[in-house]
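J.: sharing a sequence plus its predicted fold:
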Amino acid sequence: MLIETSQDIFWLVLSSSIGLLTIFAVWGIFYVIMIIRRGSRTFKGVEQIIENINQITKTAREKLEHGAAYVSVFADAVKKVTEVVKEQGKSAVKKRRAGGKGK
């Protein structure tokens, strides 16, 4: 017979408990691994997003640096246009004043 003494029952219960404990441990380890795997994928996705943001920032910085060279040229052009408009305005005022006194 398989079960003859209380010691046989003890060994049967002990082996069953160890077997169930092993199954639950494997199940737990599997889920921990899956959580770590999902976290790793998420982290890789975040790394990719950060890399894209860095690339966009780098491109924008380069464009701003190249555009900054044109800002001084643009500012000079605006200054000259402003001076021309002021001169034309002064000339128009002088003509009106001169025309008004002669009448």
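T.: Happy to help now that I have it.

J.: neighbours of Val84, how many?
T.: Val84: 10 surrounding residues under other C-beta atoms under 10 Å. C-beta: built from backbone N, CA, C; applies to glycine.

J.: mind telling me what element it is part of?
T.: Per DSSP states H and E: Val84 is located in helix 6-102.

J.: tell me how far that helix lies from the chain's centre.
T.: 3 Å (C-alpha atoms, centre = their mean, to the nearest Å).

J.: could I get the average pLDDT for that helix?
T.: Averaged over helix 6-102, pLDDT sits at 87.

J.: now for it, which elements pack on it?
T.: Of the remaining helices and strands, none touches helix 6-102 by 3 or more C-beta pairs under 8 Å, 6 or more residues apart in numbering; DSSP states H and E.

J.: how close does Leu12 sit to Ile56?
T.: From Leu12 over to Ile56 the distance is 66 Å, taken as C-beta to C-beta, to the nearest Å.

J.: that should have said Asp76, apologies.
T.: To Ile56, Asp76 is 31 Å away according to C-beta to C-beta.

J.: now do Glu47
T.: 15 Å.

J.: same check on Ala75?
T.: On the measure of C-beta to C-beta, Ala75 and Ile56 end up 27 Å apart.

J.: all good on my end, thank you.
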